[in-house]
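# Below is the structure, and that's it, no one-letter string:
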């Protein structure tokens, strides 16, 4: 048996591979590790997975002079740098070094494949959400015009959260918006679970609107917002959710299933403020309309009152004139009747006076009659006796006499 040294075997393997393999192959793999060397070389670990299980693994390199061109072109087309977790279609040359072993040297990467894979995965999530019938559920909720309590899901240190606060709290209208932060991770594999947990903390609170915001980043950074479980929770959440994720050019599935998608965290704050202002304006318009209508009604009633007062004054004058005429007539009747009554009474008094005068004893005395008094009192039906003294009063004299004889009138 011929003995070989290890180096001889490795060289033989190297020669055999060079003779038997093509100059390069297009392979599909996922980047499991990526490290840039200070010299500009890029070292990767590529894997193939079935589910979560790795079924193949290989080391790969992109030399500095190739990496500059490949990475720049990839970023221009996809909007992202090469990063861990990406699936790529790479043109590779199989190399074998007697010291470092087997590795793949990447000559080119097709950015269109990565875009296609991401879009394919995204469309699969959208299709599943549509199949579940939940895509429009959050949009069907009623959005409060002036929400009094807002829950914000974001990273406390994120620039986007700071932009949101500045826009909200320094609004030119002086509106005070009550809000509180529920911190969550906003990128990476753990982000969907972290955001879902934040949503669960809101369910039992008095929150009216939820705001989910994150500033800009690479497309890969935003892939967590295309996660099926997260988007399903957002779509079925019982409160309206406003999203402001990434840059203006970015649209995630989380945006698509939320109640209202805004382009940036700042845009979300401005949307809330404009809602307040629209309500404020509508109230002012309503108050103005009420005031105008009120003034119109008051003016109409003033005119009606003026007309009513005019008619009332005219009627009063007519009644006064009518009553004056009646009073004059009554006065005349009273005066006439009073004069007639006075005349009648005067005539009666005159007649009575005449009768009284006729009954005055003075007149009788002047006619020759006399009056008998006894003890200073006229003698009427009193009984007189013989020898009684009486006083005889005539028109000119008072005489005293003694009764000598008495004869009763019945004998006359």
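Great, that's in hand. Just so it is clear, the model here is predicted, and its values are computed rather than measured.
# State the mean pLDDT of the helix or strand containing residue 296.
Element membership of residue 296 [criterion: DSSP states H and E] is helix 265-359. Computed over helix 265-359, the mean pLDDT rounds to 86.
# Show the model's pLDDT score for residue 46.
The score at residue 46 is 95. That number is its pLDDT.
# Please name the nearest non-neighbouring residue to it.
Nearest non-adjacent residue to residue 46, counting by Cβ to Cβ, 6 or more residues apart in numbering: residue 29, 3.8 Å away. C-betas here are computed from N, CA, C, even on glycine.
# one step back: next one: the helix or strand that comes right after the helix holding residue 296 to chain centre, how far?
Remark: after helix 265-359, the chain's next helix or strand is helix 361-366, criterion DSSP H and E. Its chain's C-alpha centre lies 115 Å from the corresponding centre of helix 361-366 when counted by Cα atoms, centre = their mean, to the nearest Å.
# just the strands in the stretch 151-300 of the chain please.
Taking DSSP state E, counting those that start in this stretch as the criterion, the stretch 151-300 of the chain carries its strands at 179-183, 209-214, 241-245, 260-262.
# if we can go back for a sec, between the helix holding residue 296 and strand 209-214, how many degrees?
Using axes from the mean of the first three to the mean of the last three Cα atoms, to 10 degrees, one finds that helix 265-359 and strand 209-214 are set 160 degrees apart in direction.
# centre of the chain versus helix 265-359, how much separation?
On the basis of Cα atoms, centre = their mean, helix 265-359 is displaced by 46 Å from the centre of the chain it belongs to.
# isn't the residue nearest to residue 46 right next to residue 88, touching?
Yes - checked against Cβ atoms under 8 Å, the pair residue 29 and residue 88 is within contact range at 6.5 Å.
# Show me the chain divided up by domain.
6-113, 122-278, 363-411 (automatic domain parsing).
# Serialize the strands of the stretch 151-300 of the chain to JSON lines and add fields for mean neighbour count and mean pLDDT.
Putting those into JSON lines (neighbours: other Cβ atoms under 10 Å; pLDDT from 0 to 100) gives the following:
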{"stretch": "strand 179-183", "mean neighbour count": "16", "mean pLDDT": "93"}
{"stretch": "strand 209-214", "mean neighbour count": "27", "mean pLDDT": "94"}
{"stretch": "strand 241-245", "mean neighbour count": "26", "mean pLDDT": "93"}
{"stretch": "strand 260-262", "mean neighbour count": "19", "mean pLDDT": "93"}
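# Present those strands as CSV; the columns should include distance to residue 136.
Listed next are those as CSV, based on distance: least, Cβ to Cβ, whole Å:
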stretch, distance to residue 136
strand 179-183, 25
strand 209-214, 17
strand 241-245, 13
strand 260-262, 13
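# So which residue is smack in the middle of this protein?
The geometric centre of the chain, computed from its C-alpha atoms, lies nearest to residue 146 (Cα atoms, centre = their mean), at 5.6 Å.
# Residue 78: which of the strands of the stretch 151-300 of the chain is closest?
strand 241-245 (17.8 Å; Cβ to Cβ).
# Low-confidence stretches in the protein?
Within the chain, the stretches with pLDDT under 70 are 1, 204, 217-220, 247-250, 380-382, 409-412.
# at 80 instead, please
Scanning the chain for pLDDT under 80 picks out 1-2, 51-52, 78-80, 115-119, 203-205, 216-222, 246-250, 355-384, 395, 407-412.
# can you give me the helices in it?
With DSSP state H, the ranges of helices along the chain come out as 6-20, 64-78, 111-132, 159-169, 191-202, 228-236, 253-257, 265-359, 361-366.
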